[in-house]
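**Student:** sequence first, then the predicted structure:
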Amino acid sequence: MEKSIIQLWFADLAQGDYSKSWALLSPGERCRAESLKVIKVRQRFVISRAILRQLLADYMAVNCAAVELFQGPFGKPYVRQRKGAHVAFNLSHTGDHLVIALGCQRQIGVDIEVCRERVNLDALAEKCFSDSELRQWQQLESEDKKVTFYRIWTRKESFVKAVGRGISLGLKFCEMSIQAPVKVLSVPNNCGQPSDWQVIDLNVPLGLSAAMTTDGPECKLIYRDWE
């Protein structure tokens, strides 16, 4: 895969084969799955991890058992690199909707959310939006607030996941334009310059919101459906 290309794989976890997926997991992943007491949560973890393993194995030209996955100090997953591979990836799921972003020689973060009705949007916005973002969001018509909230949220989440620090980085300090195309206006310390980053809204079905962040030169997105 060229550095300029990022593949976006979408999957419906409800359609996955649990038994076949289980067989592809490492002993550590099976142990983690068994610790998940809610059956649906366990099923989604097993199937999403199996899909990830198959994609990475295909890209790295190895079998699934040879894919070694780890987590960084803030929970970002990464894979032990093979000679010449330099694989970068990130994944997110909401309910049965899974997205995996796959590229090379880049930092990548992705987030997908169902645009649920929530009673505490204002409180969350005050906690996570910059002062400028909050003012602009509060000026929107009530019917536009929910969709815009999730659009801003997924952009910020994808950014902190790309950096690999999670929300501990401080969502308020990741400031972006509200209107598309997205322009990164400010980033936290030790994250380079705003111009180093691209934040892109993804094309997803109505009722969902998703975004991807990456560094480096402009990229071409390729959308794929997992079957």
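**Tutor:** Arrived safely.
**Student:** so where's the chain uncertain?
**Tutor:** Using pLDDT under 70 as the threshold, the predicted model of the chain has low-confidence ranges 84-85.
**Student:** which residue ranges of it form helices?
**Tutor:** Using DSSP state H, the helices of the chain run over 18-24, 27-34, 39-60, 121-128, 131-138, 142-163.
**Student:** let me know which of those is tucked in deepest.
**Tutor:** Comparing the helices of the chain on average neighbours per residue, with mean count of other Cβ atoms under 10 Å, the densest one is helix 142-163 at a mean of 21. No exception for glycine: its C-beta is placed from N, CA and C like everyone else's.
**Student:** could you check the angle helix 121-128 makes with that helix?
**Tutor:** What separates the directions of helix 142-163 and helix 121-128 is an angle of 30 degrees, with axes from the mean of the first three to the mean of the last three Cα atoms, to 10 degrees.
**Student:** among the helices of the chain, which comes closest to F10?
**Tutor:** helix 39-60 (10.3 Å; Cβ to Cβ).
**Student:** from the chain's centre, how far out does that closest one sit?
**Tutor:** What separates the centre of helix 39-60 from the centre of its chain is 14 Å, taken as Cα atoms, centre = their mean, to the nearest Å.
**Student:** just use 37 as the starting number from now, easier for me
**Tutor:** Happy to do that; since the first residue is 37 now, the last one works out to helix 75-96.
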